[in-house]
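J.: coordinates only, sequence not included:
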C-alpha cells in the first residue's frame, strides 16, 4: 500500500515541503531514496526501536521510502516521525485517512519520545502558505511554531500520541499563543542596563550616538576599562524591535537551532560575542550543508568582536562585503542560500600588545613600533566601515565608589528612538536606507550640508589633526546623527566638533 506523508526541509531561512512516499509491498528490505544524508539513513534503527517499545513493529516486507523532490539533499533526524507514521499507515497497522493534511516532523528516541527539531518557524510559515490544516512536532518547538496564526500546531511528547490521534481519533490540544501580546510583554525585559555603569559618561554618549545612527564603533582601551561591559549594554538602548524584525530574527535562530525550548518570538535584539579563535565559515556561515554564521545570528542586533587584532585576518576580511550589503550569500555547486546580516559591529581592542597606552606609568610598556605593528593587524578597508573610534580610559576610584546610579537604558533608548524616527522619515523613499550609517555619497551631499563656519572648522581639523580622507564622510554621517539627537535639521559647528573627536585611529601621532 502507498501512503503519502508530508515533512519539510529548510534551505537558508525558508522551508520547502517534502513529500514522503511510503510503499509497503511483498518482499524484503528497507530502501530509502531521495538524497538523504547519514542522519536520515540511520532513522530506520530509531524507528524500529520506537515502534517496538510502543506495541507496533516494522513490517517484514519490502519498504520503499521516497523523499520528493528527489534532487534536493535532505539532512538531519527530523524526518523520523514522518517515516514512522508513513510506515504504520502503509502497512495498515493504523488508520490514517487524513494524514496528508498535516506536516509531521520530529526526531524519535528509542522509547518513542520526541527530541526538538531545527527550523520549526519557517516550516510553520510554509505549511500555512501551502494550506495544510496543522503541524505536528515536538512539544519543545510548539510555542515557536505557534507564532504562525491560522495553523493548528500540536506539540507532542511521544509517538503514541500521534498514533492515537490518527488511528483512534483522540484529540490533541493545539498550542495557542497571542503573538502580539507576548511580544510586547517581553520588549522591556532588559538583561543589562547602562545604570550599572559607573563613570564613563563620554563613552556612554558615544554609544548613544552609535545606536541612534546605527554606526559601527570600536573601543580602544586598557584591560578593565569597561569596554565589554559597555558593549553588552548597547542592545538595551537600541530601538525596540518591530514585529517584522522579531520574526526575521527568530527565523534565523530557529534554522540554526538556537531557540531555547518552549520559547516563542524573540523580543530582544541579539548580542553575539564570538571568541577570537572563530573560523571564517563560523563567522559568516557556510559548511557542507550551509548554516547561518555569527553575523546572521546577530541580524537586527549587535556583533561584538572583543580583542579585534587577535582575530585571524582572513576572518575579519570576510566581513567586509556583509557589512556593506547587509546580507551574505553562500554558493554551492547545487544551490545558493542567502542569509540576512544587518547588524551593528562593536569591536574592542587594547592599544598595544601589553594592553596599555604609550604611558611610562603603565604596568606593561610597549614601544611605538610595537603598538603600530599591533594596530596594523586591522586592515584599512575594515576600519573604513567603522564610523566611530573612541578611547576608553580606566574609571577612577571616586567614580567607582559612588552610590549614585547612572542614567538608565530606558531613558537613553527614548532619545535614540526619537532620532531613529527622524531618520526613518528622512529616508522613507529609499528602499535600502533606514538610518544614517547606511547612506552613501549622494545622500551625504543631500542631507549633510554644512554652513561656511562648519566647513572651515572641518577643514582646519582635518589639516591640523592629519585626518585621513576616509574620515571625511564618516565625520559628516556621525555629525548628522548628533544633529538628529539634538533635534536640529541643520548640522551645526558643535556637531562637527563632537564628531571629529570620534576618529581616534585616523589621527597621525595618536600613539604619541
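T.: Perfect, thanks for sending it. What you see is a predicted model, and the numbers here were worked out from it, not measured in a lab.
J.: ok, now which ones touch residue 1?
T.: Listed by C-beta atoms under 8 Å, 6 or more residues apart in numbering, the contact set of residue 1 reads 23, 24, 25, 89, 90, 91, 92. Yep, even glycine has a C-beta here, placed from its N, CA and C like the rest.
J.: if we go to 6 Å?
T.: Residue 1 is in contact with 24, 90, counting by C-beta atoms under 6 Å, 6 or more residues apart in numbering.
J.: leaving out the residues flanking it, which one is nearest to the residue most central in space within the chain?
T.: For the chain, residue 297 is the residue whose C-alpha lies nearest the centre (C-alpha atoms, centre = their mean; 2.2 Å). Counting by C-beta to C-beta, 6 or more residues apart in numbering, residue 272 is the residue found nearest to residue 297 once chain neighbours are left out, at 5.3 Å.
J.: right, and residue 212 touches residue 418 too?
T.: No - using C-beta atoms under 6 Å, residue 212 is not in contact with residue 418, being 8.6 Å away.
J.: higher neighbour count, those two?
T.: Per other C-beta atoms under 10 Å, whichever of residue 212 and residue 418 has more neighbours is residue 212, with 28 against 14.
J.: tell me who's in contact with the more buried one.
T.: Residue 212 touches 416, 419, 481, 485, counting by C-beta under 6 Å, 6+ apart.
J.: now residue 323
T.: Each residue near residue 323 by C-beta under 6 Å, 6+ apart is listed here: residue 385.
J.: three-state assignment of it?
T.: helix (DSSP: H, G, I helix; E, B strand; the rest coil).
J.: state the distance from it to residue 391.
T.: 23 Å (C-beta to C-beta, to the nearest Å).
J.: average pLDDT for stretch 269-284?
T.: Average pLDDT, stretch 269-284: 94.
J.: what's next to it, contact-wise?
T.: 235, 238, 241, 293-295, 297-298, 300-304, 307, 310-311, 314-315, 318, 328.
J.: 8 Å instead, please
T.: 231-232, 234-235, 238, 241, 249, 253, 287, 293-307, 310-312, 314-315, 318-319, 322, 328, 330, 341.
J.: what residue ranges in the stretch 51-200 of the chain score low on pLDDT?
T.: Nowhere does the stretch 51-200 of the chain drop to pLDDT under 70.
J.: try it again at 80.
T.: Confidence mapping of the stretch 51-200 of the chain against pLDDT under 80 gives the ranges 179-190.
J.: the strands in it, which residues?
T.: 62-68, 102-104, 107-108, 114-115, 134-138, 152-156 (DSSP state E, counting those that start in this stretch).
J.: quick one: list the elements packing against the second one.
T.: Contacting strand 102-104 under the criterion 3 or more C-beta pairs under 8 Å, 6 or more residues apart in numbering; DSSP states H and E are the following elements: strand 2-11, helix 80-90, helix 120-129, strand 134-138.
J.: can you check the fifth one too?
T.: In terms of contacts (3+ C-beta pairs under 8 Å, 6+ apart), strand 134-138 is packed against strand 102-104, strand 114-115, helix 120-129, strand 152-156.
J.: Serialize the helices and strands packed on strand 102-104 to TSV and add fields for mean neighbour count and distance to residue 490.
T.: Listed next are the helices and strands packed on strand 102-104 as TSV, based on neighbours: other C-beta atoms under 10 Å; distance: least, C-beta to C-beta, whole Å:
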stretch	mean neighbour count	distance to residue 490
strand 2-11	21	48
helix 80-90	27	62
helix 120-129	24	45
strand 134-138	25	54
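J.: so for residue 60, which of those sits nearest?
T.: Nearest to residue 60 among the helices and strands packed on strand 102-104 is helix 80-90 (12.0 Å), distances taken as C-beta to C-beta.
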